[in-house]
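Chemist: make a model of this:
(5 chains, ligands or ions: 4)
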Amino acid sequence: MEEFFQQLTNGLAVGGIYALIALGYTMVYGVLKLINFAHGDLFTIGAYLGLTLLTSMSLMDSLGVFFGLLLLVLMVMGLVGLIGVLLDQIAYKPLRQSPRLSAVVSALGASIVFQNAVMLIYGARFQVYPQDILPRIVINIFGMPVPLIRIMILMASIFMMGALYFFIQRTKVGTAIRAAAEDQGAARLMGIDVNRVIMLVFLIGPALGGAAGLMVGLYYGQINFTMGWIYGLKAFTAAILGGIGNIPGAMVGGILLGVIEALGAAYISIAWKDAIAFFVLILILIFRPTGLLGERVAEKI
Amino acid sequence: MILKLSNLTKRFGGLTAVDRVSFDVEEQTVMGLIGPNGAGKTTIFNLITGNYKPDEGEIVFQGQSIGGVWTNKIVMLGIARTFQTIRLFQNLSALENVLAGCHCRMKSGPIGAMLKTPGQKQEELWALEHAMKQLQFVGLADRAELLSGNLSYGNQRLLEIARALATNPRLLILDEPAGGMNEQETEALIELIFKMRDSGLTVLLIEHDMGLVMKACNRLVVVEYGKKIAEGTPEEIQADSRVIEAYLGIDEEE
Amino acid sequence: MLLEIENLHVKYGNVEVLHGININVDEGEIVTILGANGAGKSTTLLAISGLVKISGGLIRYKDEVLNKTPAHKIVRRRITQAPEGRRVFGTLTVAENLNLGAYTSTNHERTRKNLEWVYELFPRLKERENQLSGTLSGGEQQMLAIGRALMSDPKILLLDEPSLGLAPLLVRTIFNTIKEINKSGVTVVLVEQNARAALKLAHRGYVLEVGNVVLQDSAEALLSNSEVYDAYLGGKG
Amino acid sequence: DTVKIGLMGPMTGPWASEGQEMKQVLDLLAEDVNENGGLIGKKVEIIAQDDAGDPRQASLAANRLSTMDIVAVVGTYGSSITEATQNIYDESQIIQVANGSTAIRLTEKGLKYFFRTCPRDDEQGRVGAQTIKDLGFKKVAILHDNTSYAKGLADEAKALLEKDNISIVFYEALTPGERDYNAILTKMKSSKPDGVFFTGYYPEAGLLLRQKSEMGWNVPFIGGDATNHPDLVKIAGKKSAEGFYFLTAPLPKDLDTPEAKKFVADFQKKYEAPPNSIYAVLSGDGFRVIVEAIKSTKSTDPDKLADFLHKKLTDFPGLTGKISFNDKGDRIGEVYRVYRVDGEGNFVLQP
Amino acid sequence: MKEKRYIVYALFVVFLLTAPLYLNRYWLEVLNSVGLYAILGLSLNIIVGYGGMFHMGHAAFYAIGAYTTAIISTSYGVPVLWLMPLSGLTAGVFALVVARPIIHLRGDYLLIVTIGLVEIVRIALINNVFGITGGANGIFGIPRPTLFGYKIFKSHQFLYLIWGCVAVTVFFFYRLENSRFGRALVYLKEDEIAAEGSGVHTARYKLAAFVLGAFWAGMVGTLFAAKMTIISPESFSFWESVLYFMIVILGGSGNIAGVILGAFLVIGLPEFFRGLENYRLLMFGAAMIFMMIFRTQGILPPRQKVFDVSRFRKGGEPI
Ligand SMILES: Nc1ncnc2c1ncn2[C@@H]1O[C@H](COP(=O)(O)OP(=O)(O)OP(=O)(O)O)[C@@H](O)[C@H]1O
Ligand SMILES: Nc1ncnc2c1ncn2[C@@H]1O[C@H](COP(=O)(O)OP(=O)(O)OP(=O)(O)O)[C@@H](O)[C@H]1O
Ligand SMILES: [Mg+2]
Ligand SMILES: [Mg+2]
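Modeler: Residues are numbered from 1 along each chain as shown, chains lettered A, B, ... in the order given. Ligands and ions are numbered 1, 2, ... in the order given. Model prediction:
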């Protein structure tokens, strides 16, 4: 039983990170119906930029852990967000009117470019975050030791999800984003500056991915240029599992995927863990074809 | 009697879009289905064509119950339709659109196609001819090779009818065929409907253009809030106070 | 002159569909544009709203040339359009759609009043306030599209076939509403297949044929013009 | 006119750091040869081709190299990648010296021109099992990563340990490239092993060590030669890495031959860092035996070279110890040493 | 216009036939690789290009075919080329079983499920499922194919074998494209509801597209196994599927000539970039983006079908 709960928290920790990346995925998808395969690489870039900023500016020393970290997170998010906007302007904007799969190929191309650019800039070797930047605090929850950082990652995901959900569902700009997602021409006729909206989305989505990259760096320490591919795929899976385009769905999907992986590894087989996760995904989609929380808008005929 | 609806019901969540509707359609007549917006007319069509499954009630077509049967099967049985918002294959030529209608009257599969068996060849020739005939029938033969998306709105409506006709239907279902047509084009459409009826087809249509409805239909069914509120000849319906109140309104002028 | 279209050319790809048309709209007028299918009526409206690129000529609003102004800024000049084909936001609720109609407005009181007014015009929309608009019936969507355009308090309202798919009773409501808001000072440009009703309502009309203005006159004159009658009103039967 | 020697390695893709370091090593060594008068009166030229760690691309790279007049080729990394190229070189009569391809069967085919400077899995398995026995473990967990190298090593060790009645309480594979192995460690912990033999690569090993110590579990870990990499300590942190044992061919810094000393110094000078990857150093040895063969036979005839390497090369002073080949092309002799990571993160050769 | 196109095709065939005269082994091998991927692309094109389904797991079917060939040829000594239909069949049946429950999924949901499929297959292969796949080592010692008594092992021999298969594929698929079956797929891509309303059994056609595509990919698996003589799970990763996908979309989805061109670009281009070493993939990725931006519909998008309708006109006038 204790092992079960231990595995559950393992799953939650992994799932929290999947969720955070999935949020950015879903955000971009929600507006452009574009599977941004480069999202995982923006996550990688976040991890690398975080490392560079961390080691070159020694923020923690001058500002203390809390404010140093805050500033670091903001800087990484800002920079990755800008890269995201740039990516959109170069690789996706010219393809707005063309078939959806054309943009997918462009995204795959962008993914290759990012991955190799990181390799050329930072080298192919693994990079390592300085150890013990964050105080290693372990909290006891029902007699089970849980590192504080895990709780922080989960909280961060939940907070971001909440904020994003509120923003998209309840604010005027959020409604405009959803409108632009559906029919850009009609959105223009409402007075919505669609280009700005898309830019905003490409600022927020990648920024979230970048933040996740930074967290992975801080938590696990080890980063390399190919890491985004696996995480990106997992996050995409999570987003679909929850219902792509749906913000709470990304959260639920991410957490669930993490937990399935941990429990699958624990009680079935470690080597088959990913296969198990995909199998569960397929099962869920067979019965809920638009994911757990995805809306099933019957097409009006 | 070619089609018989009895107690047909369809709910969307809490909303009963079609509420115990029953009516019959006689062979080789033009039947009109009218009613206010959101009354459930299109939903009735979708139930007949198998796009939705009825919650209750029965649909009998030529003596066979077809409630909840797959759409393509229903097309095979002889019911074809057009859509309220035009649904053509925009990136294909007019002719290819009509060939889609021929599909269900053909048999050959992928292997036959790859080997180009004599039967398959024959069939393709037949389809081409059959499709051209339908285009001719609606008057679009000279537009056969244009992209359907580039046709004018009225012609797109006609093309949809041609595609439906290509399935060799017994019953043709038209959802607002005159929408977006001007009066002259509507006149031509009425002629076409008569031509179809005279060739042995039965037509069931939804339309808000009273000119067309009164001229073209033999009988009318009126629905409101999912319920049938009246049925009769156009003259009877025009005089029905309930229909006037719910749908037609009182003409201040004329 | 409130709105002035001078020698307007528009192309789709390589195909020119408007070959230099001239249309003027005075403040407080209802102007209707008639024409067969594919004549370029919708294209004209889209050009005014900035949704299609102009390849020649100019569009002037008051003293400002709008040729290069992006669509969302044109809306801020309070030129609003209810486009052809409804184009409601299907994944948004009815209420959200209507509120987007007032996206550019900052006067909340005014927006609230407009919403009430729209609901009064189309009680059906009030009933379906929280339904996703993608599941509305065709006519209900049409009501929503018009209601959404009314929400923005336009100075110029561009309506593209507003009566399409509406029941006779509602068609009347729509035309009465147009008359009403016009009286309250809104200028209307109306494209209609129902030419008779449109001409009865309008002050002046233009007739478009394959991308050219072939006729322009007062509404009464057009109503009694035999060419117009043959082409759009009676037909040969 | 030059003597062309090919290098086939993963210059892009997930193993790019290995391929790129292989190239650095060979460039350095070739420079050295050229400065010292070249080879049979000509200069040596290294022609590198990317195999991206993918069998199909490797076979293209091999075809490309075999049309470029090379005398011999060094590489590559990964057994199944190497295997996809063996026939191509054999048919073109090009000497191939693999550096990171430890699967047993590669040399069991009787290919005349194929050699490898890395020892085979069975050799390492044997040493691994012996080390575990020496450390006195009774219950052992074995973790591999389902690559053909790690699986091969794990299988060998498992068979040998079971023969000696040491119980294998845990035997599974992780997915390489992930970051969080807590679920695996939790599961492994519940099987209560005395020691863990991890046969995979250093990035995962580093994470395992780190996450293991964060869990507060201090079971000893032993790794195979793929964990021999200074980044292991960087990833795990000095504290977590302390006490980690691994088997490997000796590091150049631990050899007191002049060749090894010079190599380490030159490498440090040219690239401002010590060599990281043992496989890159093994590729250097591949290059050096080829050079030695050409020098000694004064020929670039593949048959003569192969013959020399098979029979005449004995106890050649390599960067990783003495090198001789048997008639299958396998490196013979005791190659493996046991290292332990000390509290400062240094790799200390165990007696 | 039309003639010009045929001249290009003819020149291309002549080029392939005479390639061994002036290309070295390496470039022949590149052509072989392109040929294999061209067939794979064409088989995927049925599903993605005509049917419009987002399928990124095609390597799964390819893998099933290749492993079927490898296992049977190594353990029962059946000549490799004889195994082509059987490998195709195995892949086809596998597709039938796995695609059936997921065929109703839309767009991106289908995409992730197919990605899941290829991952599950790869993981199963790596874990030596049923003890027959050889795990990460894969299967080695696959015999060379023989054709009419000739053993095929030289690059130029494979060139003729592989491009012969491409030709056969083009021949069949061209007919398919211009048939009831091909059209039905295009209809359901354009508008599923309208297709269904015209009497197309959309679910069955989607499934048929999957099975046919898988069958063909399975047969290519045989060629691949015979050519490499060793196969291992690395060759059937998700990234492989992505390559086929890019071939189809970049070349021009739904167009046979486009897909073949796509294979040249996606597989050939990285070979031209070999000189760039570490920059190779960077350039490749950038090239992908730029080609897509400049030809947003793919390099050679499908042309409108022409039908001979002159018979229906009298004296040039439509009847
Ligand atoms: N999928 C759905 N989910 C929820 N409500 C629906 C759905 N489809 C239709 N409705 C509702 O059912 C009612 C009937 O719709 P239907 O389309 O049948 O109307 P209609 O009579 O065709 O109207 P119109 O003349 O405007 O086309 C409408 O009020 C509509 O909002
Ligand atoms: N997006 C487009 N791409 C290419 N051609 C177009 C496009 N939209 C319209 N057209 C063509 O431009 C011409 C004018 O179209 P427009 O929609 O303006 O006509 P309309 O007068 O509004 O007709 P309708 O009464 O059918 O609405 C038509 O020939 C049409 O086929
Ligand atoms: Mg309707
Ligand atoms: Mg129009």
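
Chemist: mind listing the strands for the chain?
Modeler: Because you didn't say which chain, this covers chain A. For chain A, strands defined by DSSP state E occupy the ranges A:127-128, A:138-141, A:144-147, A:222-223.

Chemist: could you do chain D instead?
Modeler: Counting by DSSP E, the strands of chain D are D:2-9, D:43-50, D:72-74, D:95-98, D:114-116, D:139-144, D:167-173, D:195-198, D:221-223, D:245-248, D:316-318, D:321-323, D:337-341, D:347-349.

Chemist: got it, and the stretch 51-200 of chain E?
Modeler: Assigned by DSSP state E, counting those that start in this stretch, the strands in the stretch 51-200 of chain E fall at E:139-140, E:146-147, E:150-151.

Chemist: give me the low-pLDDT residue ranges for chain E?
Modeler: E:1-2, E:311-319 (pLDDT under 70).

Chemist: go ahead and flag the most central residue of it.
Modeler: With distances taken as CA atoms, centre = their mean, residue E:40 lies nearest the centre of chain E, 1.5 Å away.

Chemist: from what I can see that residue touches residue E:58, true?
Modeler: Yes: between residue E:40 and residue E:58 a contact is recorded at 6.8 Å, counting by CB atoms under 8 Å. Quick note: C-beta positions are derived from backbone N, CA and C, even for glycine.

Chemist: which neighbours do the two share?
Modeler: Shared contacts of residue E:40 and residue E:58 (CB atoms under 8 Å, 6 or more residues apart in numbering or on different chains): E:217, E:244.

Chemist: so which bits of chain C are right by ligand 4?
Modeler: Within chain C, the residues that sit near ligand 4 (CB under 5 Å from the ion) are C:42, C:84.

Chemist: quick one: the longest helix along chain C near ligand 1?
Modeler: Here the longest helix in chain C is taken by residue count, with DSSP state H as the criterion, and it is helix C:168-183. No: with CB under 6 Å from any ligand atom as the measure, helix C:168-183 is seen stopping short of ligand 1, the closest distance being 9.1 Å.

Chemist: can you mark which positions in stretch E:129-140 are buried?
Modeler: For stretch E:129-140, burial by neighbour count (16 or more other CB atoms under 10 Å in any protein chain shown) applies to E:129, E:133, E:134, E:135, E:136, E:137, E:138, E:139, E:140.

Chemist: residues contacting the closest residue to residue A:262 other than its chain neighbours?
Modeler: The spatially closest residue to residue A:262, leaving aside those adjacent along the chain, is residue A:11, at 3.2 Å (CB to CB, 6 or more residues apart in numbering or on different chains). Listed by CB under 8 Å, 6+ apart, the contact set of residue A:11 reads A:255, A:258, A:259, A:260, A:261, A:262, A:263, D:183.

Chemist: now residue A:11: how far from residue A:266?
Modeler: 9 Å (CB to CB, to the nearest Å).

Chemist: overlap of the contact sets of the two?
Modeler: Common neighbours of residue A:11 and residue A:266 are listed as residue D:183 (criterion: CB under 8 Å, 6+ apart).

Chemist: pull out the buried residues from the longest helix seen in chain E.
Modeler: In chain E, assigned by DSSP H, the helix with the most residues is helix E:202-228. With burial defined by 16+ other CB under 10 Å, the residues of helix E:202-228 counted as buried are E:202-203, E:205-228.

Chemist: next one: stretch A:57-67
Modeler: Within stretch A:57-67, the residues that qualify as buried are A:59, A:60, counting by 16+ other CB under 10 Å.

Chemist: show the average pLDDT along that stretch.
Modeler: When pLDDT is averaged along stretch A:57-67, the result is 75.

Chemist: ok, stretch D:108-123 next?
Modeler: Stretch D:108-123 shows an average pLDDT of 88 in the prediction.

Chemist: ok, that stretch near chain E or not?
Modeler: No: counting by CB under 8 Å from any CB of the partner chain, chain E is not contacted by stretch D:108-123; separation bottoms out at 8.6 Å.

Chemist: which ones are touching residue 185?
Modeler: In the absence of a named chain, this looks at chain A. Under the criterion of CB under 8 Å, 6+ apart, the neighbours of residue A:185 are C:51, C:71, C:83, C:87.

Chemist: not what I meant, chain E
Modeler: Listed by CB under 8 Å, 6+ apart, the contact set of residue E:185 reads E:46, E:50, E:51, E:52, E:205, E:209.

Chemist: one more time with 6 Å
Modeler: Residues in contact with residue E:185, defined by CB atoms under 6 Å, 6 or more residues apart in numbering or on different chains, are E:50, E:51, E:209.

Chemist: and for residue A:17, the neighbour number?
Modeler: Here the neighbour count serves as a burial measure; for residue A:17 (other CB atoms under 10 Å in any protein chain shown) it reads 29.

Chemist: do the same with residue A:73
Modeler: Using other CB under 10 Å, the number of residues around residue A:73 comes to 19.

Chemist: tell me the contacts of residue E:289?
Modeler: Residue E:289 sits in contact with A:91, A:106, A:109, where contact means CB under 6 Å, 6+ apart.

Chemist: nearest to residue C:208, of those residues?
Modeler: Residue C:208 has its nearest neighbour among these in residue A:106, at 39.6 Å by CB to CB.

Chemist: isn't that closest one right up against residue E:294?
Modeler: No: under the contact definition of CB atoms under 6 Å, residue A:106 does not touch residue E:294, with a separation of 11.1 Å.
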